[in-house]
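S.K.: I'll drop the sequence and a predicted model, then ask my questions.
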Amino acid sequence: MFKIKDVARTKREFKPKMITNYRLQRSSSYVYYKKIISAIFIGFFVFLIGHQQIQAQQENSLSFNDILSKLTSASRINKNAKESNEQLITDVRKRGINFDLTLKNKNSLRKVGGSDFLIKVIGENSPKYIKEKAILYRKFTDNYDGTIAQKQIALEAAKEFIFRYNNDQELDNKTIINYFRSCLKTHKGFNRRSINRIIAI
């Protein structure tokens with residue numbers, strides 16, 4: 001028969017267990033929230049460092065006046081125009097530029113000895129050019145692994161990318177072009193097959 005003293009003993013045995021479980025839960029919650037706070041702090045730190053790196057890169061980028069003055073100085077001291085252009089091509093690819101190329105800019109660069117290839121590289125590294133290129137590339141990657149309709153959008157984006165940027169001299173561009181060509185070759189006749197599949201459904 002269950003007696004009152006048994007109840008008291010049960011309470012004494014159960015109470016430490018309750019306290020232990022509470023402490024464990026509290027400890028687990030503490031660890032969980034500590035991880036969240038650490039993740040937030042690390043994320044903010046990474047964002048801050050990344051922002052500073054981007055800002056530093058932007059501050060280090062070449063302006064139109066930088067390029068124009070270097071070409072002008074080279075022509076004044078009778079420096080080899082080919083060497084000047086090659087050095088500027090290297091600098092533009094390494095540091096980037098902070099302006100968009102216009103017809104007026106092109107003419108100004110040519111007047112002080114800027115080569116056609118230098119002007120082409122400047123155009124390929126302009127903010128507007130890079131942004132448009134990235135948007136088209138993202139259009140492909142966002143849709144390629146999706147539905148039939150999305151895959152078609154991706155393949156059309158790949159065709160447009162090849163048409164617009166086939167002559168781009170940047171190394172990463174050549175890799176992207178080759179990949180897009182292999183995708184288009186793999187999905188040759190994709191329109192016809194996809195339409196037949198839709199009709200069958």
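M.R.: Yep, it's here.
S.K.: What distance do you get for residue 110 to residue 104?
M.R.: From residue 110 across to residue 104, the span is 11 Å (Cβ to Cβ, to the nearest Å). To be clear about C-beta, it is placed using only N, CA and C from the backbone, and glycine gets the same treatment.
S.K.: between the two, who's got more neighbours?
M.R.: Using other Cβ atoms under 10 Å as the criterion, residue 110 and residue 104 rank with residue 110 on top: 14 against 9.
S.K.: Identify the residues contacting the more buried one.
M.R.: Each residue near residue 110 by Cβ atoms under 8 Å, 6 or more residues apart in numbering is listed here: residue 119.
S.K.: next one: residue 164
M.R.: Counting by Cβ under 8 Å, 6+ apart, the residues that residue 164 touches are 133, 136.
S.K.: Now it: which helix or strand?
M.R.: helix 148-165 (DSSP states H and E).
S.K.: average pLDDT for that helix?
M.R.: For helix 148-165, mean pLDDT rounds to 94.
S.K.: and the closest residue in space to residue 73 that isn't next to it in sequence, how many neighbours?
M.R.: Nearest non-adjacent residue to residue 73, counting by Cβ to Cβ, 6 or more residues apart in numbering: residue 79, 7.8 Å away. By other Cβ under 10 Å, 15 other residues sit near residue 79.
S.K.: what do you get for residue 111?
M.R.: 12.
S.K.: And residue 71, by the same measure?
M.R.: So residue 71, with other Cβ under 10 Å, has 24 neighbours.
S.K.: The residue lying closest to residue 99 once chain neighbours are set aside: what's it in contact with?
M.R.: With sequence-adjacent residues excluded and distances taken as Cβ to Cβ, 6+ apart, residue 99 is closest to residue 64, at 4.7 Å. By Cβ under 8 Å, 6+ apart, the contact set of residue 64 is 97, 99, 105.
S.K.: can you pick the most crowded of those residues?
M.R.: Most surrounded of those: other Cβ under 10 Å gives residue 97, at 24 neighbours.
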